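# sequence and computational prediction follow.
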Amino acid sequence: MNEHARDPYVGLNQYFGRKAAQAVPSWYAVGKVIATSPLKIRADGMDLETEDLYIAEHLSAGWQERLSGLSWPLTAELPQKILRGECVCGLSSGECQVIRPEETIQGETAKEAPVTHGALLHVGDQVLLLRSADGQTYYVIERMVKVYHESVSTD
């Protein structure tokens, strides 16, 4: 066999690969936040408005969760404090002074606490979107960042 002969299956394989790539829709898209109030994302060459979008709860402003397992010991050193002011006691009045001595207090933080998250999405952020089967609705799955939480380049 001639070592320079062309393998007839290479071209055929490439042809079917291109056809398959065109036939299988990509369900995912990457979009760019172009406005936050109201939310607007540019993806697939169009601007998606709030009526086109569903957003993961953890990305929405005002999302609330309850944190648990937070309890840890706490020690605080309170310095001496001198409080001065006007005193009125019975029939007499005048200046008075209260001295709170230096002290160490010990306690524990709360075991649980509610937290309300602010807006996580900002103009310029890249987001991962899941496209609906009909391409009319997009689901904002996650905000994309580079390793070490650097913003994804918009280039």
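Structure received.

# can you show me the helices along this structure?
Secondary structure of the chain (DSSP state H): helices at 8-23.

# residue contacts, the nearest residue to residue 64 once chain neighbours are set aside?
Leaving aside its chain neighbours, residue 64 sits nearest to residue 116 (5.0 Å; criterion: Cβ to Cβ, 6 or more residues apart in numbering). Every C-beta, even on glycine, is put in place using the N, C-alpha and C of the backbone. Neighbouring residues of residue 116 by Cβ atoms under 8 Å, 6 or more residues apart in numbering: 62-64.

# swap in residue 69?
Residue 69 touches residue 111, counting by Cβ under 8 Å, 6+ apart.

# before we move on, the earlier item: could you check how far the residue nearest to residue 64 is from residue 65?
8 Å (Cβ to Cβ, to the nearest Å).

# same question for residue 36.
21 Å.

# of the two, who's got more company?
Between residue 36 and residue 65, counted using other Cβ atoms under 10 Å, the more crowded position is residue 36 (15 against 12).

# pLDDT score for the more buried one?
The model reports residue 36 with a pLDDT of 91.

# likewise for residue 154?
Reported pLDDT for residue 154: 59.

# do residue 17 as well
pLDDT, residue 17: 73.

# distance check, the residue minimising distance to the centre of the chain against residue 39.
The geometric centre of the chain, computed from its C-alpha atoms, lies nearest to residue 120 (Cα atoms, centre = their mean), at 4.0 Å. From residue 120 across to residue 39, the span is 11 Å (Cβ to Cβ).
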